[in-house]
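Trainee: Task: produce atomic coordinates for the following.
(2 chains)
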Amino acid sequence: MSGYGELAPRTLVVTCPQWPVTASAAQLARTAAVAVVEDERVVAVSGHARAEGIRPGLRRREAQARCPELEVIVRDRAGEVRAFEPVVEAIEVFGAQVAVRDAGWAAFATRGPARYFGGERALADAVGTALDGLTIPGRWWRVGVGDGAFVATQAARRGLVVARGAGAAFLAPLGIELVGRPDLADVLSRLGIGTLGAFAALGEADVLARFGTYGALAHRLARGIGEGPLRSRPAREDLSVAVELDPPAEGVEAVAFVVRGLAGTLAARLAPAGLACTRLRVEVTTTAGEHLSRRWSNEEGVDPAVVAERLRWQLEAWLAVREQLVERERAAGWEVAAFEAGEVVPSAGVERVALVPEEVAPEVGRQLDLWSRPRTGEERVARAVARVQGMLGHAAVTRAVLAGGRGPGERVQLVAFGEPVPETAAAPTSPTGPGRGARSRGPAAATAPWPGRLPPPSPAVVAGVPLPAELLDGDGAHVAVDARGAVSSAPASLVLPGEPALGVAAWAGPWPADERWWEGPTHRRRRARVQVVIADGRAYLLAIERGRWVVEGAYD
Amino acid sequence: MFDTLRGMAATRPVRRELPESLALLARRTRPTTLAREDLLPVLGPLEELLGGPGLQRGATVVVSGTGVPGATSLLLALLAGPSTAGAWCAVVGAPDLGLAAAGELGVALGRLVLVPGPGRRLAQVAGALLEGCDVVCVCTPSVLAPPEARRLAARARERRAVLVVATGRAAGSAGSIVSSAPCARAGARPVDTSRTGWPGMPDVRLDVTASRLSGPGQGDGRVIAHLVEVAATRRRAAPEELRRWLWLPAADGRISLAPDGAAVPPAEPVGEVHRSASGAR
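Mentor: Presented below is the predicted three-dimensional model:
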């Protein structure tokens, strides 16, 4: 703690409080209580919501109970990065190496720029003016300067420039929860350490002995020293990994796929050296010669897998910008032949992706199990499904729930993944009772008796749209089913569209089903089902309704 | 009458089978670390075909049935074991999958993620699901270009998930009801289906080679059981095929190994249930 030598470099931080809210609902947040949720937990709130007592970390239901008119928005991380991209581009005018830790937070070292602008205060004002010039409605930016990113972040929240070496005094009265580690803050506050100053007053060795490197790093932050140039150093040897894509990859997913593998390679290269990457540069080159790069920083080491995910959002942001450009060109009458509507394609394919570790630090071996839990299977699945839903739409990923019904297709209800399974009031103990039956489908109805339902096994292939067919008897006449549920003659051949007539080797049925007669003649459905085995071994479930045969399923 | 399956032995209150079920339980609960023991449990009757007590994580399994019905049932039976054990399974590109049949064959529908219509993004969707699910089934793989297919297999290996590929008639791909013609994407080079239906050699290939559906007569009876012959080829085993007859399902609704199907007169078990079924009608 002696002298300035130990202090982190002067840093300017630009931050937007509650960025998830601002990014997705800036207009709405001015007038209404808005909360952004992820995994059923509130992650960010608007000012109005805060006034109603909504805090990040609350469960969604609890938040809605506290404020019934709360607008709940599901977090869109890709959208947040996308919205942040113009901001980063505006800041890059001022600082050479803008580091982004998360959407809504960017920082750069002020040493050079401050001299150019004539002081840190002037630099901060210039950055603030430039951001105001972005004219994004409802977004207000906080700019602050201090020793290292932590002090600067706290300064930014108050719009201050904290003088060199004054970080500790500035932080001392602030609450311990700002240390950014809820678990540690919780323990400390229960020990009676309520402020950063009280925490900073503890002996460094004692903190290290009790809380390990995890706590020691937090202690450094509380003392206003910053994340510390002590630990990290510029990567001396070239640890970068790159991959040339041939053919060039088009679309976000294909590039993200490559980056994921690349991230694994990088991790494998860093681990034997006992290093963690604290700042990582991602470079993407397209065949058109466009060069895109972005830095990601984290004092505790950048997890390459996390970077791969971030980069996916980043690519989406870049490609979205490109898309807008193409839209603009198209509006101006330019021909954009290679661009297909509705699909995100860069102006040229991505031909090279590189991950360049810019700063590395000794891996301190954070004990993940003590403070955080690895993701459970359900969370992994939910994430994977969310990605697919992002590609294809919410309803494209489904789960099946057994429901009541007679036909093989009716017995299953598809529910969009993530939506609650529909609950029905009661099982239709008498499905033929007026006003009930076919309407009360659901899990409870699945076990109820359904007269006319075929016993298992059910066909393993069920036609989503029943396929028209024709069932003929030995004389080539149409086989009909009469009102008493008897066939007019024994079926001898089955005609399917696009195939020659197939000889029927065996058949069973018919099973008549008379449904919804209680809802009047227009809703009444009378069907009869027949199982047919073809000479070559294939077997089908056929149904006849209003004199027409359809294939409902195949026993495959 | 049939071979009892080991997986079901645990549910039966038969005293003399207890040691066997305990051994099974011990085997399943033992903390496993070796790669060859990193397995997803499967139904007992499928163990021999897969060459071990489970599906090896990271493997690629091809399920096919060219011109012979039964591949879809085999696919569902393959998913039954992992899903009931709590593993997440996903089926991509099978809009016509019979989910009632899936439930009957033992698939835990609560652990099944369905993406019926991935369209041209089949590879991307399957790739994303491999990140989170333990078993991912890709149906209609004919829309995949060979490099995409190889990349999927590589990702499955990396993520320690199982990639199941259903080719030919399997898994209710669009149009599979009528013909076995693959619906290829316009412009895409079709996968070389001459030998394996999948570029490169899958770890396990299960091929339905014969099928007998029993039950329907001439206007009487009903479909009660489905006997299929499965030929298994494993990459890390002897090159010759292993052929087994499977009930998918048997007349009692279970999946079981049939004693050599060629030797079993199909009329014998069928006729017996036949009578009771027509009696129930």
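
Trainee: Apart from its chain neighbours, what residue comes closest to the closest residue to chain B within chain A?
Mentor: With Cβ to the nearest Cβ, the shortest gap between chain A and chain B falls at A:Ala384, namely 2.8 Å. All C-beta spots, glycine's among them, are computed from the backbone N, C-alpha and C. Leaving aside its sequence neighbours, A:Ala384 sits nearest to B:Gly132 (Cβ to Cβ, 6 or more residues apart in numbering or on different chains; 2.8 Å).

Trainee: For that neighbour, what are phi and psi?
Mentor: Here is the backbone geometry of B:Gly132 (degrees, to the nearest 10): phi -120, psi -30.

Trainee: Name the residues of stretch B:232-242 that are buried.
Mentor: By 16 or more other Cβ atoms under 10 Å in any protein chain shown, the buried positions in stretch B:232-242 come out as B:232-234, B:242.

Trainee: can you redo these as a markdown table with secondary structure?
Mentor: Output for those, formatted as a markdown table (DSSP: H, G, I helix; E, B strand; the rest coil):
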| residue | secondary structure |
| --- | --- |
| B:Ala232 | strand |
| B:Thr233 | strand |
| B:Arg234 | strand |
| B:Leu242 | strand |
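
Trainee: ok, so of these, who is nearest chain A?
Mentor: B:Ala232 (18.9 Å).

Trainee: Tell me what A:Glu292 is bridged to.
Mentor: Not Glu; residue A:292 is Leu. A:Val284 (DSSP bridges).

Trainee: now swap in A:Ala506 and tell me
Mentor: Beta-bridge pairing for A:Ala506 (DSSP bridges): A:Val533.

Trainee: Which residues lie in contact with A:Glu283 in this structure?
Mentor: By Cβ atoms under 8 Å, 6 or more residues apart in numbering or on different chains, the contact list for A:Glu283 reads A:242, A:291-293, A:352-356.

Trainee: same thing with A:Tyr555?
Mentor: A:Tyr555 neighbours (Cβ under 8 Å, 6+ apart): A:457, A:459-461, A:531, A:538-541, B:69, B:73, B:213, B:223, B:226.

Trainee: picking up where we left off before, most neighbours, which of the contacts of A:Glu283?
Mentor: When the contacts of A:Glu283 are compared by neighbour count (other Cβ atoms under 10 Å in any protein chain shown), A:Leu355 ends up highest, at 27 neighbours.

Trainee: Pull the contacting residues for it.
Mentor: Taking Cβ under 8 Å, 6+ apart as the test, what A:Leu355 contacts is A:240-242, A:259, A:262-263, A:266, A:280-283, A:304, A:307.

Trainee: of those residues, buried ones?
Mentor: Buried members of the contacts of A:Leu355, counted by 16+ other Cβ under 10 Å: A:240-241, A:259, A:262-263, A:266, A:280-282, A:304, A:307.

Trainee: so what's A:Gly377 scoring on pLDDT?
Mentor: We note a pLDDT of 67 for A:Gly377 in this prediction.

Trainee: Repeat that for A:Gly167.
Mentor: 86.

Trainee: cool, and the one 4 residues further on?
Mentor: On the pLDDT scale, A:Leu171 is placed at 89.

Trainee: Contact partners for it?
Mentor: When contacts are counted by Cβ under 8 Å, 6+ apart, A:Leu171 touches A:151, A:154, A:178, A:196-197, A:200, A:222-224.

Trainee: How about A:Leu12?
Mentor: A:94-95, A:107-110, A:113, A:120, A:123-124, A:127, A:143-145, A:152.

Trainee: So which residues of the stretch 201-350 of chain A form strands?
Mentor: A:233-234, A:241-249, A:275-286, A:291-297, A:350-362 (DSSP state E, counting those that start in this stretch).

Trainee: Run through the stretch 101-250 of chain B and note the low-pLDDT ranges.
Mentor: B:168-197 (pLDDT under 70).

Trainee: Which element, helix or strand, includes residue 101?
Mentor: Since you didn't name a chain, this refers to chain A. Assigned by DSSP states H and E, A:Arg101 belongs to strand A:99-102.

Trainee: my bad, the chain I had in mind was chain B
Mentor: Going by DSSP H and E, B:Ala101 is in helix B:99-104.

Trainee: Please apply the same query to A:Gly146.
Mentor: Going by DSSP H and E, A:Gly146 is in strand A:142-147.

Trainee: quick revisit: can you tell me which helices and strands the helix holding B:Ala101 packs against?
Mentor: Under the contact criterion of 3 or more Cβ pairs under 8 Å, 6 or more residues apart in numbering or on different chains; DSSP states H and E, helix B:99-104 touches strand A:398-402, strand A:412-416, strand A:461-473, helix B:71-84.

Trainee: Buried deepest among those, which one?
Mentor: Most buried of the helices and strands packed on helix B:99-104, by mean neighbour count (mean count of other Cβ atoms under 10 Å in any protein chain shown): helix B:71-84, with a mean of 27.

Trainee: I'd like the average pLDDT over that one.
Mentor: 91.

Trainee: Stretch A:199-209 too?
Mentor: Taken as a whole, stretch A:199-209 has a mean pLDDT of 86.

Trainee: What is the end-to-end distance of that stretch?
Mentor: 14 Å (Cα to Cα, to the nearest Å).

Trainee: contact partners of it?
Mentor: By Cβ under 8 Å, 6+ apart, stretch A:199-209 touches A:168, A:171-172, A:176, A:179, A:188, A:193, A:215-216, A:218-219, A:222-224.

Trainee: just to revisit the earlier point, which one of the contacts of A:Leu171 is nearest to A:Val388?
Mentor: If you rank the contacts of A:Leu171 by distance to A:Val388 using Cβ to Cβ, A:Leu178 comes first, at 37.3 Å.

Trainee: The closest one belongs to a helix?
Mentor: Yes - assigned with three-state DSSP, A:Leu178 falls within a helix.

Trainee: I'd like the next helix or strand past the least confident helix or strand in chain A by mean pLDDT.
Mentor: Among the helices and strands of chain A, helix A:368-371 carries the lowest confidence by mean pLDDT, DSSP states H and E, at a mean of 38. Sequence order places helix A:377-392 as the next helix or strand after helix A:368-371, per DSSP H and E.
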